[in-house]
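# could you look at this predicted model? Sequence included:
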Amino acid sequence: MTPVLEYGNEWKTHRRLFHLSLRSDIVDKYNNLHLTNANQLLENILRDSANLFEHFDLFAGAAAVELIYGRRVEGKDDPVFAMASGLAEVLCKELTPDRVVLLKVMPFLRYLPSWFPGAGFKRNAAKCRGMAAEMAELPFAMAKDEMDRGVLSHCMISDMLKHGGVEESAAKGALSGVYIAGTESTGTILKTVALVMILYPDVQDKVHEELDAVVGRGTLPTFADRPRLPYLQAVLYEVMRWSPPSPLGLPHVTTASDTYEGYYIPKGTMVLFNYWAMAMKDHGYDDPERFDPTRHLTSDGQLSPQARQNNSMFFGFGKRVCPGRFFAEHSHWAAAAVMLSALKFGKAKDSSGKYIDVEPVFSDGLTRCPAPFPCSITSRLVE
Ligand code: HEM
């Protein structure tokens, strides 16, 4: 999978393939995909608000499956979604930065037999490998068959196959990591949006005010409304800053020795970007723990010129910068805009009618994700 490949020809081929489908000047092609999925998300929440997190995960996974395989996912029983999300769940639990570091500093751990106490990660690694191989083969074969029959919708596979000269093994390799890279973080962002709406009701009121003024109450927004909704955009930027989905990013390794600010860094050193520190203090944010979208706005309520640039750091830097960042931004926007125009999040009540306070709790793993919280969701579509 791309994120764990060393710099070299295979990785370069993956990046070239991503460029075909994910570069900034063509991601608008997916706007219908995002809006259809966002409307489906809204329907799912209105029908069954108790399983909010499940709906967010389905939204993120359905977008990724459609992007990669051109396959519309109707529900969580879709076989490709079920296979991909099963693998993502195991991998994200196993592939935490602290474990990667542990294996790096104590490489002998890899040679422990899998029955050895504490070496359960080896059994899971073998399981993951089998699941990943199946995931690389099966949906690819299904999409290729559809392509041969002329019924495959536009997607990463169709871009790759039409482009020609792409080795099938390279295409499968490149695609196999996209689902995991794309879904965990998107699901996390949407869960954080919902959490923030409960913790900061004044922010939610302003989002509603803006949507009502620009789009009109009872009308669902489309991408044409996006430039006229700066406050909503600022909320999304602030969600990334307030709780970066991947606070330590992915581990990197230096390919040559270097000296930086007086520190000698030998070749082969593992380097982690501390996005958390950058979000909390390095940019001199005032009272950084506070959720405040106005940090990204000018005094007259427009997005500040550096807002997008500041946000882009959470997608990584340089050659390994996230190739899915433009797709991701559109996806978050569609989900948040549609959901917030139609719904209001608030505190749930206990059996005696008292409001339940929400304490933000976050999970460990590849991403830092809010743990489920009690909430009440009401529709704004009917008054
Ligand atoms: C909130 C959403 C997302 C965030 C915050 C995010 C963030 C990141 C970060 C921090 C990296 C590591 C960069 C580095 O190594 O320096 C990365 C890599 C990657 N991301 Fe994303 N990402 C998001 C969504 C997506 C989506 C939607 C896709 C695919 C459609 C995607 C595909 C990838 C891939 C393939 C890599 C590996 C790149 C490489 O190693 O060359 N990401 N992402």
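Cool, the structure landed.
# which residue does the stretch 201-350 of the chain have closest to the ligand?
residue 324 (2.0 Å; CB to the nearest ligand atom). From N, CA and C alone the C-beta is placed, and that goes for glycine too.
# let me see the contact set for the nearest residue to residue 240 once chain neighbours are set aside.
Leaving aside its chain neighbours, residue 240 sits nearest to residue 314 (4.8 Å; criterion: CB to CB, 6 or more residues apart in numbering). Counting by CB atoms under 8 Å, 6 or more residues apart in numbering, residue 314 touches 240, 241, 244, 245, 246, 275, 279.
# return the set of buried residues in the helix or strand harbouring residue 34.
For residue 34, the host element (DSSP states H and E) is helix 31-47. Buried residues in helix 31-47, counted by 16 or more other CB atoms under 10 Å: 31, 33, 34, 35, 37, 38, 39, 40, 41, 42, 44, 45.
# toward the C-terminus from the one helix or strand residue 312 maps to, list the very next helix or strand.
If you go by DSSP H and E, residue 312 is part of helix 307-312. Proceeding N to C from helix 307-312, the next assigned helix or strand is helix 325-342, under DSSP H and E.
# okay, helices next: where are they in the protein?
Ranges of helices in the chain, per DSSP state H, are 9-22, 31-47, 52-69, 79-94, 97-105, 120-148, 156-163, 168-176, 178-199, 201-214, 230-242, 275-277, 307-312, 325-342.
# how about CSV for those helices, with mean pLDDT added?
Compiled in CSV, these are given as follows (pLDDT from 0 to 100):
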stretch, mean pLDDT
helix 9-22, 94
helix 31-47, 97
helix 52-69, 96
helix 79-94, 80
helix 97-105, 65
helix 120-148, 82
helix 156-163, 91
helix 168-176, 87
helix 178-199, 94
helix 201-214, 98
helix 230-242, 97
helix 275-277, 91
helix 307-312, 91
helix 325-342, 98
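# ok, back up a step: residue 374: which of the contacts of residue 314 is nearest?
Relative to residue 374, the closest of the contacts of residue 314 is residue 245; by CB to CB it sits at 22.4 Å.
# pretty sure that closest one sits against residue 362.
No - judged on CB atoms under 8 Å, residue 245 makes no contact with residue 362 at a distance of 10.2 Å.
# how far away is the closest residue to residue 323 other than its chain neighbours from residue 171?
Nearest non-adjacent residue to residue 323, counting by CB to CB, 6+ apart: residue 18, 3.9 Å away. From residue 18 across to residue 171, the span is 11 Å (CB to CB, to the nearest Å).
# how about the residues of the stretch 51-200 of the chain by the ligand?
67, 177, 178, 181, 182, 185, 186, 189 (CB under 6 Å from any ligand atom).
# contacts only, for the first one.
The one in question is residue 67. Neighbouring residues of residue 67 by CB under 8 Å, 6+ apart: 21, 30, 33, 155, 156, 178, 182, 327.
# which one (most neighbours) among the residues you listed?
residue 327 (27 neighbours; other CB atoms under 10 Å).
# wait, that residue sits on residue 28?
No - look at residue 327 against residue 28 with CB under 8 Å: they stay out of range, at 10.4 Å.
# what touches both of those two?
With CB under 8 Å, 6+ apart, residue 327 and residue 28 have no common neighbours.
# list the contacts of residue 147.
157, 158, 161.
# ugh, wrong one, I meant residue 172
Residue 172 makes contacts with 136, 137, 140, as judged by CB under 8 Å, 6+ apart.
# any chance of those in a markdown table, with distance to residue 50 and neighbour count too?
Converted to a markdown table, the contacts of residue 172 look like this (distance: CB to CB, whole Å; neighbours: other CB atoms under 10 Å):
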| residue | distance to residue 50 | neighbour count |
| --- | --- | --- |
| 136 | 35 | 19 |
| 137 | 36 | 12 |
| 140 | 35 | 19 |
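# circling back: any chance of the contacts of residue 147 in CSV, with distance to residue 263 and neighbour count too?
CSV is the format used below for the contacts of residue 147 (distance: CB to CB, whole Å; neighbours: other CB under 10 Å):
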residue, distance to residue 263, neighbour count
157, 45, 27
158, 48, 19
161, 47, 17
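# from those residues, pick the one nearest the ligand.
residue 157 (13.3 Å).
# tell me how many other residues crowd the residue nearest to residue 178 when sequence neighbours are not counted.
Distances taken as CB to CB, 6+ apart place residue 68 nearest to residue 178, at 5.6 Å, with adjacent residues excluded. Applying other CB under 10 Å, we find 23 residues neighbouring residue 68.
# how far away is residue 68 from residue 137?
Going from residue 68 to residue 137 by CB to CB gives 14 Å.
# before we move on, what about residue 233?
For residue 233, the distance to residue 137 - CB to CB - is 40 Å.
# same deal with residue 183?
Residue 183 is 19 Å from residue 137, by CB to CB.
# residue 37 too?
Taking CB to CB, one finds residue 37 at 26 Å from residue 137.
# and the residue nearest to residue 319 when sequence neighbours are not counted, backbone torsions?
Nearest in space to residue 319, with sequence neighbours left out and distances taken as CB to CB, 6+ apart, is residue 7 at 7.3 Å. Residue 7 has phi and psi values of phi -60, psi 130 when expressed as degrees, to the nearest 10.
# and residue 7, what pLDDT?
We have a pLDDT of 90 for residue 7.
# quick one: it and residue 256 touch, right?
No - Residue 7 is beyond contact range of residue 256, at 11.3 Å (criterion: CB under 8 Å).
# higher neighbour count, these two?
Applying other CB under 10 Å to residue 7 and residue 256 shows that residue 7 carries more neighbours, namely 12 against 8.
# can you get me a residue count around the nearest residue to residue 359 once chain neighbours are set aside?
Excluding the flanking residues, the one nearest residue 359 by CB to CB, 6+ apart is residue 373, at 8.0 Å. Residue 373 has 20 neighbouring residues, counting by other CB under 10 Å.
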